[in-house]
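*Asks:* Provided below for reference: sequence and predicted model.
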There are 2 protein chains.
Amino acid sequence: MTGVRCAIAQLNVTIGDVEANVARMVAAAETAASEQAQLVIFSEMSVTGYLPGDLLDEPAFLKRANEGVEVLRETSRRFADQHWVIGAPLSHDGPGKGLHNALIVLHRGEQVLSYAKQLLPSYNVFNEHRYFDSGPDIAAVLSIAGHRVGFLICEDGWNDETGAAYLTNPLERLRTAAPDIVISINASPSSIGKREDRHRTFAAASARSGAPIVYVNQVGGHDQLVYDGASFVADPTDGIVFEARRFDEDVTTLSLLAEGSLLTGTGGGGGAGSVASGLDRPEFYRRQIVLGLQDYARRCGFAKAVVGSSGGIDSALTVALAVEALGHDNVSAVTMPSRFSSAGSVDDSVELCRNLGVVLHTHPIVDLVDTFVARFESSFGQPIGGLALQNLQARIRGTILMEYSNQFGHLLLTTGNKSELSVGYCTLYGDTNGGLSLIGDLYKTEVFELCRHLNVAADRVVVPVTIIEKEPSAELAPDQRDTDSLPPYPVLDEILKVLIEGEHLGEIERADAVAFVADLGSTEEGRILVDRVRRMIWTSEYKRRQAPPIIRVRSRAFGAGRQMPIAARYG
Amino acid sequence: MTGVRCAIAQLNVTIGDVEANVARMVAAAETAASEQAQLVIFSEMSVTGYLPGDLLDEPAFLKRANEGVEVLRETSRRFADQHWVIGAPLSHDGPGKGLHNALIVLHRGEQVLSYAKQLLPSYNVFNEHRYFDSGPDIAAVLSIAGHRVGFLICEDGWNDETGAAYLTNPLERLRTAAPDIVISINASPSSIGKREDRHRTFAAASARSGAPIVYVNQVGGHDQLVYDGASFVADPTDGIVFEARRFDEDVTTLSLLAEGSLLTGTGGGGGAGSVASGLDRPEFYRRQIVLGLQDYARRCGFAKAVVGSSGGIDSALTVALAVEALGHDNVSAVTMPSRFSSAGSVDDSVELCRNLGVVLHTHPIVDLVDTFVARFESSFGQPIGGLALQNLQARIRGTILMEYSNQFGHLLLTTGNKSELSVGYCTLYGDTNGGLSLIGDLYKTEVFELCRHLNVAADRVVVPVTIIEKEPSAELAPDQRDTDSLPPYPVLDEILKVLIEGEHLGEIERADAVAFVADLGSTEEGRILVDRVRRMIWTSEYKRRQAPPIIRVRSRAFGAGRQMPIAARYG
């Protein structure tokens, strides 16, 4: 039996940049042509990038997207042996919003099939009901190279296991049409465990269908979301038999449905038939964040970044990840000692920057604090103190970092972690300043874990041991320790996992955290602590509302994934 | 024919505060009992407030909401003559998310009807598909006091005119059941023209149905959204025959379906049968903003507010509106003159604060600027200049205002207008600082209009004429004028209306703005200007992402109503 040669075109498209995306798609088709591909499969919304947000409301943008599809249709004449599977917004006559999230098959200058996504995810970071209407409950099948090829878009494949999330099951509908192979185009952002969820879900779906499923994903960073690529092929009997590169583009052509060997092909992910094992947690975080920063900086026009280096572990990790993403010549650090900074803090920053080959600027803030304090008293008639004085120091530092950013054109990276941001242990317009947060979705315990991992992976000291081992302190008051205001992080983080992520946690993590918090709840003191943390989360919502985009690495990150009111009463 | 006595219970419920909301509802039922009400109608999601956002994902919150419904059900035994129509989230067995946005009728301790909202708005500021499943396409009708009463929830009534927005039309379905009267419970946030849209839509629907429609709305401010109340009755022949108070609570009992006179009753909106005329545009803005601030401050626990007073018109308007909302004793202003501040600016702040009875603090920033400038050069090896120096001044001021806010517990109000925020003519972590923006949805030309209106309405000078008449300047550089960087505001604002609001504009406003921009497009210079403004909007998205909640007064406000990517290419 003659197979069909499928090219998985896993591209890093840019949201909104239709012209560049189309050029990228045509270049991938050229590559695939050299491998005798018959089917070239691009990701969901590949023409516009996923997701253009409210650009989809603008007629001028939709016109541009349509023009992109037209260019591809015309260009497909030059690739007479290929069928192209592309993703784009497609207008319809209603009723409804008049727009579908569509899959279009192009062949020899003709649009030979179009299929509208049926299941529109509206949860966590997704809000497709804002833009699209659900497509009709039909099976889209096309005969290509003598095989019946069936088509799905992303969420369409996720109601197959339990049927619990939506009223319809497009994969079951497709099954009734008995395709030889199923093509699924996707824009699936990655978070810890997501790749494994995809493998499990689609391997099971393939087994139920008796047909292989080719899953093609977008790759790249878009604001807070990172798409890991990692496109794959699920086989009815052998499970996941191929995986494309993770966190990088990949154009790989495979022979599917061929006699004998299921898969042959070249390039990508260690070659056809080989599937790399999963990344462990800290390595996943590292790769996800590095790509997220690279693409954010590139797309916003920044080559360089600046980080405030406190000598603490959060800023150390941020500097290290920035260096990996942008190169050490493109990262600057600034240490801004105050009266409360320990000598060790500056020394630790010096050592960190030496280890990483990063320029460290020193900008003391003592006289700025003194001038603000003196003027405050003369203007407002009382000395400034307490939290107001602590916040002042953070805001002076935030202002200095923005001076640097504005003067030299560096992207300022904010350094807070998820534990701090959860309970509001941070200063708005101070240490929260920045265009992007690299580690704002990592709990403090995970920040330690990732620093240790970086040192092990580099087989040398990148993050100084003194930074990893010292007790966390904001150093905004004499002898201050984080534990003056917060429970120890190993305790806090388990509480936060339950209160913030709950059902979104992975199975093992959830079991552990729930058991931990249940155990706390067995004492009055423990119950008081959990309630206190709940209140801290609730009353600091206003700070998170003004935070920069946070690169998402866990299933439920602050930002679009957690939408809470501010002026409300709960908890 | 004996009528039915309907109480419109238009309440200012607090999101999340189920216990307090339930108490408020019971108190309203007491009031209605004294008016012999047979039907007491509360707003959509009245038990939880609309909308609790991701609290709806938390089992503990849903449990609390259910307990609230249970308390109401039990309490309804005490009101044996009344049927209560309440709104609450209601769990169901799926498939889907397992939650409905429900209307429940309670009577003598029984739940006698429940109806699930069919049309779930997911556009502009709404995202109900995130939380709810659509209810089945059915008509909910109950016999009360000998009349057939039909029920709808908010969006359910909006597909009746053209049938274009959704596949189904719940109002048409209800019509087939021939109810004598239709009850619609709502949470409809107000924006300019919205009240008139509601009147038009439901008067037409009532005429088509031949039955009166009682429309009950939520009132109050919730972060960026303000609900104006303005509940009403639409009559099949006479149109809008009753309107409840605007921007305030109202519990009014009316006799409907009675022989002879359609309506009798007491209280609210000038009394039964009388409908006040609409507010003109500036007066609408004023009432909307004042209620928005009052409720935001109250719910966040602030009694007092502070505003940076530059001597310009934006801060003057913000101070004036804050005084109206909170009282002059509860508002402080701070003037922070720099080397570039004109003498007039401080004088104008003095006069403004004298007119309003507000304390004005003076906090010069000259020496702070000098210290930052000197330290910058010694730390980074070059003098700071250009935009970086301008931003620095704004950030010093933002820091001083936050010192004040933190030390004295005042809510800081940011002062930017929609024109500035659209094109990024503002300093992030500087003048954008604040917990709430009062005038961030008003174009600059509207800021002038509202200031003039306040003076006319007060019949005295509130905002000094010098402030209204001087040329706008940020005063961050010598002899600076806004027109150095921007087109004149009457030009800019028309361009912005088209580019930002487009189809969301009211008919007349759209026609004017579109014609203006088309006219600009007739010259090369005009086309270049429009393109430049488009780019300015696009490249300043990152600033808006970190802005505080902006009280929405126009149909399309920044915030949830306009969701644009940052790291993208378009325009």
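*Replies:* Okay, I see it. Because the structure is a prediction, the values reported are computed rather than measured.
*Asks:* contacts, neighbours, all on C-alpha from now
*Replies:* Will do.
*Asks:* which one is the residue of the stretch 401-550 of chain A found nearest chain B nearest to, not counting chain neighbours?
*Replies:* As assessed by Cα to the nearest Cα, chain B sits closest to residue A:546 within the stretch 401-550 of chain A, at 4.2 Å. Spatial nearest neighbour of residue A:546, excluding adjacent residues (Cα to Cα, 6 or more residues apart in numbering or on different chains): residue B:546 at 4.2 Å.
*Asks:* Up against chain B, what does the stretch 251-400 of chain A have?
*Replies:* A:295-296, A:299-300, A:361-363, A:367-368, A:371-372, A:375-376, A:379-380, A:384-385, A:387-389, A:391-392, A:395-396, A:399-400 (Cα under 8 Å from any Cα of the partner chain).
*Asks:* Got a ChimeraX select line for the buried ones in these?
*Replies:* Those of those that count as buried under 16 or more other Cα atoms under 10 Å in any protein chain shown are selected in ChimeraX with:
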select /A:295,296,299,300,361,362,363,368,372,375,376,384,388,389,391,392,395,396,399,400
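*Asks:* Okay, and which of the residues of the stretch 251-400 of chain A next to chain B map to helices?
*Replies:* Those of those mapping onto helices are A:295-296, A:299-300, A:367-368, A:371-372, A:375-376, A:379-380, A:387-389, A:391-392, A:395-396, A:399-400, per DSSP state H.
*Asks:* can you give me the helices in the stretch 401-550 of chain A?
*Replies:* Ranges of helices in the stretch 401-550 of chain A, per DSSP state H, counting those that start in this stretch, are A:418-423, A:444-458, A:465-469, A:489-496, A:507-520, A:524-539, A:541-545.
*Asks:* now swap in the stretch 201-350 of chain A and tell me
*Replies:* With DSSP H, counting those that start in this stretch as the criterion, the stretch 201-350 of chain A has helices spanning A:281-300, A:313-326, A:343-356.
*Asks:* Pull out the buried residues from the longest one.
*Replies:* Residues of helix A:281-300 classed as buried: A:282, A:284-297, A:299-300 (neighbour count, 16+ other Cα under 10 Å).
*Asks:* which residues touch that helix?
*Replies:* Contacts with helix A:281-300, where a contact means Cα atoms under 8 Å, 6 or more residues apart in numbering or on different chains, come from A:14, A:190, A:192, A:220-226, A:228, A:247, A:303-304, A:321-322, A:324-326, A:411, A:436, A:438-439, A:446, A:449-450, A:453, A:551, A:553, B:566-569.
*Asks:* Out of those residues, which end up buried?
*Replies:* Buried by 16+ other Cα under 10 Å: A:14, A:190, A:192, A:220-226, A:228, A:247, A:303-304, A:321-322, A:324-326, A:411, A:436, A:438-439, A:446, A:450, A:453, A:551, A:553, B:566-569, out of the contacts of helix A:281-300.
*Asks:* rewinding a little: wait, the residue of the stretch 401-550 of chain A closest to chain B touches residue B:547, no?
*Replies:* Yes - the criterion here is Cα atoms under 8 Å, and residue A:546 meets it with residue B:547 at 5.8 Å.
*Asks:* How is chain A divided into domains?
*Replies:* Domain segmentation of chain A under automatic domain parsing yields A:4-272, A:283-482.
*Asks:* Save those as a markdown table, and put in distance to residue B:237 and mean pLDDT too.
*Replies:* Below are the domains of chain A laid out as a markdown table (distance: least, Cα to Cα, whole Å; pLDDT from 0 to 100):
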| stretch | distance to residue B:237 | mean pLDDT |
| --- | --- | --- |
| domain A:4-272 | 30 | 94 |
| domain A:283-482 | 56 | 97 |
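*Asks:* and of these, who's closest to residue B:214?
*Replies:* Within the domains of chain A, the stretch nearest residue B:214 is domain A:4-272; the backing value is 26.7 Å (Cα to Cα).
*Asks:* wait, does stretch A:178-194 make contact with chain B?
*Replies:* No - judged by Cα under 8 Å from any Cα, stretch A:178-194 makes no contact with chain B; its nearest approach is 15.1 Å.
*Asks:* pull the CA atoms of that stretch into PDB?
*Replies:* Presented in PDB, the C-alpha positions along stretch A:178-194 are these (Å, rounded to 0.1, in the frame of the first residue of the first chain):
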ATOM      1  CA  ALA A 178     -13.900   6.100   8.900                       C
ATOM      2  CA  PRO A 179     -10.900   8.200   7.800                       C
ATOM      3  CA  ASP A 180      -7.600   6.500   7.100                       C
ATOM      4  CA  ILE A 181      -5.800   9.200   8.900                       C
ATOM      5  CA  VAL A 182      -6.700  12.300  11.000                       C
ATOM      6  CA  ILE A 183      -5.000  15.700  10.800                       C
ATOM      7  CA  SER A 184      -5.400  17.900  13.800                       C
ATOM      8  CA  ILE A 185      -4.100  21.500  13.600                       C
ATOM      9  CA  ASN A 186      -3.500  23.200  16.900                       C
ATOM     10  CA  ALA A 187      -2.400  26.200  18.900                       C
ATOM     11  CA  SER A 188      -1.800  24.600  22.200                       C
ATOM     12  CA  PRO A 189       0.200  26.700  24.700                       C
ATOM     13  CA  SER A 190       2.500  24.700  26.900                       C
ATOM     14  CA  SER A 191       2.500  24.400  30.700                       C
ATOM     15  CA  ILE A 192       4.000  21.800  32.900                       C
ATOM     16  CA  GLY A 193       2.400  18.400  32.100                       C
ATOM     17  CA  LYS A 194       0.600  19.600  29.000                       C
END
